[in-house]
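[1] sequence isn't available, so here's the structure alone:
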């Protein structure tokens, strides 16, 4: 009964009365954020005109829309749950992923949630959205319509769905349970079930920490980052795969394939340090990045590269090295003062240490901001100060 009541409120909010209520909320805010205090004040006033449960739902939706604005371009017209929008891919990632399905005319979106991927998958094709949560399914259909798509909504367990005649499947298996986040590689339904779907073109959203060996032979594992924020991994079936592993950096859509090639030189740090994008590191494409940029490794097992000239690449940030030497934590505060460093971002890779404790001990007062790199050079503990 409670679900029916929620769906009835959502349907009312999607109609003229809802538009009126959302407009009243916007007018009451007058451009200010919807804080908890503002929600309490507005709720008290609006309940004089509208039913209390409808006002509460509208305020909840208004807050969620405000928070989701950085993820969805049309969040202001969408319906959301907190768990749904937090777990959904950003629109920019969904659009990139949808391009792989360009030739699919009949597609099924399994575990569709609030429809974060339907926004880009549904327009222009025959799509079935499947979920066992009726509220999420209602939202998914509404949200797809906001973006011009009109999928069929199927309330069902994805294991029971008939995929006969379907060209492609996208599946986002749940990686959280009632007890919290599952271990990396665990999901519901399990990845093994997803890999065995009886459809040639399959895309499976996965956690970015997924082990490469989990993906069957012939499949591709793509790691997707927005700027330097690694968002997720996607496993592509052989019909859609173009490499074994790939790093993609958005918004530019730049992509780097982990490829076999000649050995990469290993030597001490030069004037510049390249910090590869996390997508490149997870894809195992650091060596390919070195070959493309003419840079070298500073350690056989550490994913930092170096150069004597500045390097511009979408796959790494380039830092200028102003100090380099064996790691000496006792000497470090004095050396940073000599370099006029007043604030540091600490980047640790391959060298153990308590970053928070180190921050507290430094007590810096200089005028420059720097990046302190804790790492290894030819297997020796090493420190670099970069700007």
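    Yep, it's here. Predicted model only: the values in this text are computed from it and were never measured.

[2] quick one: residue 135 and residue 5 touch, right?
    No - contact criterion Cβ atoms under 8 Å: residue 135 and residue 5 do not qualify, at 10.7 Å. (Each C-beta comes from the backbone N, C-alpha and C, glycine too.)

[3] show me what contacts the nearest residue to residue 78 once chain neighbours are set aside?
    Once flanking residues are discounted, residue 78 sits nearest to residue 143: 4.7 Å by Cβ to Cβ, 6 or more residues apart in numbering. Residue 143 is in contact with 78-79, 114-116, 118-119, counting by Cβ atoms under 8 Å, 6 or more residues apart in numbering.

[4] repeat for residue 200
    By Cβ under 8 Å, 6+ apart, residue 200 lies in contact with 167-168, 237-239.

[5] now name the helix or strand holding the residue of the chain most remote from its centre.
    Here the centre of the chain is the reference, and by Cα atoms, centre = their mean the most remote residue is residue 48, at 41.5 Å. Taking DSSP states H and E as the definition, residue 48 sits outside all helices and strands.

[6] cool, residue 22 as well?
    Going by DSSP H and E, residue 22 is in helix 16-29.

[7] how about residue 55?
    helix 52-68.

[8] just residue 343 next, same as before
    Under the criterion of DSSP H and E, residue 343 resides in strand 341-348.

[9] with residue 198 instead?
    Assessed by DSSP H and E, residue 198 sits outside every helix and strand.

[10] switch the contacts of residue 143 over to TSV; also include distance to residue 43, secondary structure and neighbour count.
    Supplementary listing: the contacts of residue 143 in TSV, determined by distance: Cβ to Cβ, whole Å; DSSP: H, G, I helix; E, B strand; the rest coil; neighbours: other Cβ atoms under 10 Å:
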residue	distance to residue 43	secondary structure	neighbour count
78	21	coil	26
79	19	coil	25
114	24	coil	30
115	27	coil	34
116	28	coil	29
118	31	helix	29
119	30	helix	27
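
[11] what's the closest of those to residue 21?
    Comparing the contacts of residue 143 against residue 21 with Cβ to Cβ places residue 79 closest, at 13.3 Å.

[12] which residue, neighbours along the chain excluded, lies closest to that closest one?
    residue 139 (4.5 Å).

[13] re the thing from before, quick check, distance from the helix or strand following the strand holding residue 343 to the centre of its chain.
    Per DSSP H and E, the first helix or strand lying C-terminal to strand 341-348 is helix 355-362. Centroid displacement of helix 355-362 relative to its chain, using Cα atoms, centre = their mean, to the nearest Å, is 29 Å.

[14] what residues does helix 355-362 touch?
    Counting by Cβ under 8 Å, 6+ apart, 329, 332-333, 336, 344, 346, 348 sit against helix 355-362.

[15] the closest residue to residue 195 other than its chain neighbours sits in which helix or strand?
    Excluding its sequence neighbours, the residue lying closest to residue 195 (Cβ to Cβ, 6+ apart) is residue 216, at 5.6 Å. Using DSSP H and E, residue 216 sits in no helix or strand.

[16] tell me how many other residues crowd residue 216.
    13 (other Cβ atoms under 10 Å).

[17] do the same with the one 3 residues further on
    The local packing of residue 219 (other Cβ under 10 Å) involves 17 other residues.

[18] closest to the centroid, which residue in this protein?
    Central residue of the chain (Cα atoms, centre = their mean): residue 231, 2.2 Å from the mean position.

[19] quick one: residues in contact with the helix or strand hosting it.
    Here residue 231, judged by DSSP H and E, is contained in strand 229-236. Contact with strand 229-236 is made by 89-90, 93, 97, 100, 191, 194-195, 202-208, 210, 215, 219-225, 242, 277-279, 282, as judged by Cβ under 8 Å, 6+ apart.

[20] filter those residues down to the ones in strands?
    202-206, 220-225 (DSSP state E).

[21] list buried residues within the contacts of strand 229-236.
    89-90, 93, 97, 100, 191, 194, 202-206, 208, 210, 215, 219-225, 277-279, 282 (16 or more other Cβ atoms under 10 Å).

[22] distance between stretch 309-328 and the chain's centre?
    That offset, for stretch 309-328, works out to 26 Å (Cα atoms, centre = their mean).

[23] next: stretch 215-224.
    Relative to the chain's own centre, stretch 215-224 is displaced by 17 Å; criterion: Cα atoms, centre = their mean.

[24] likewise stretch 264-277?
    Here stretch 264-277 is found 27 Å from its chain centre; the criterion is Cα atoms, centre = their mean.

[25] list the buried residues in it.
    264, 266, 269-270, 272-277.

[26] quick check: the farthest pair among the residues you listed?
    Largest pairwise distance in the buried residues of stretch 264-277, by Cβ to Cβ, is 20.8 Å, between 266 and 277.

[27] what domains does the record give for this protein?
    Annotated domains of the chain cover 2-68, 86-255, 272-386 [automatic domain parsing].

[28] relative to residue 74, which of those is closest?
    Closest to residue 74 of the domains of the chain, according to Cβ to Cβ: domain 86-255, at 5.3 Å.

[29] what mean pLDDT does that closest one have?
    Across domain 86-255, the average pLDDT comes to 95.

[30] same check, this time on stretch 2-10
    Across stretch 2-10, the average pLDDT comes to 95.

[31] got the contact list for it?
    Applying Cβ under 8 Å, 6+ apart, the contact partners of stretch 2-10 are 53-54, 57, 79, 134-135, 138-139, 142.

[32] name the member of those residues with the most neighbours.
    residue 139 (27 neighbours).

[33] and it, that's in a helix?
    Yes - under DSSP: H, G, I helix; E, B strand; the rest coil, residue 139 falls within a helix.
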